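Student: Build me a structure from this.
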Amino acid sequence: MNENETTKMKTKWNEVIRKTYEKSRKLGVPSIDLEDGYVLFSLAYLTALNLRKLNAIDAGAGVGFSTIWIAKALEDSEVDGKIYAIEEDSRRFDGLRELVLNYKFQDKVIPIEGNALELIEGIKEEINFIFIDIDKHLYLDLFKLVKDKIQVGGLVLAHNVNHRWGTIEEFIEEASKDGWKTTIAPTPEGISISFKVS
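Tutor: Here you go, the predicted model:
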């Protein structure tokens, strides 16, 4: 890729990120901050390079602001993979689907409308990256559902863990034992990073 192509690609991503962030705010959709986005992108990118693929789930994708950071990691790493972006709210899902169509992300992102806990069972392939940003009382249930689906060396990230609402405390505890190591990135809302060791 020459310098001109690199600049065009950077401009494209800057535009996607800005417009999706603005859309989230306009619709009043709670979304991750830019700082959280950098963490999400960096860890998805490293996971992709380390495991030579990136099969990801974005549980609670909203209009896609978290999804695009994972999509950028997938594109930049140049590995095979896909992102299952799950959103239950129909209005937010419409925005997510529009994002995928407008920016031609169909080869990377599969938007799925519905409840993440119910839909994850239908994803049969091995997953190596999950971002959780659903109702906080469901964090523990979702982790229990996916922990055996995750490839060794894969990651589960969760948003808003500084607040310890719902089952966040129990989730952190569960994601810190039995072959898992967990730490928390000190962003304003907090992102937990759980690495599957064995």
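Student: C-alpha only now, for contacts and for neighbours.
Tutor: OK.
Student: In its sheet, which strands sit next to the lengthiest strand in the chain, and in what direction?
Tutor: The strand that spans the most residues within the chain, counting by DSSP state E, is strand 150-159. Partners of strand 150-159 in the sheet, by DSSP bridges, are strand 127-132 (parallel), strand 191-196 (antiparallel).
Student: Can you say which of those strands is nearest to residue 99?
Tutor: strand 127-132 (18.4 Å; C-alpha to C-alpha).
Student: what mean pLDDT does the closest one have?
Tutor: Per-residue pLDDT over strand 127-132 has a mean of 98.
Student: hmm, who's touching it?
Tutor: By C-alpha atoms under 8 Å, 6 or more residues apart in numbering, the residues outside strand 127-132 that reach it are 44, 47, 54-60, 139, 149-159.
Student: Also stretch 189-198?
Tutor: Contacts of stretch 189-198 (C-alpha under 8 Å, 6+ apart): 36, 150-163, 172, 175-176, 179-185.
Student: among those residues, which ones are buried?
Tutor: Among those, those buried by neighbour count (16 or more other C-alpha atoms under 10 Å) are 36, 150-162, 172, 175-176, 180-182, 184-185.
Student: what number of residues lie near residue 131?
Tutor: 25 (other C-alpha atoms under 10 Å).
Student: what are the bridge partners for it, then?
Tutor: On the basis of DSSP bridges, residue 131 is bridged to residue 58, residue 157.
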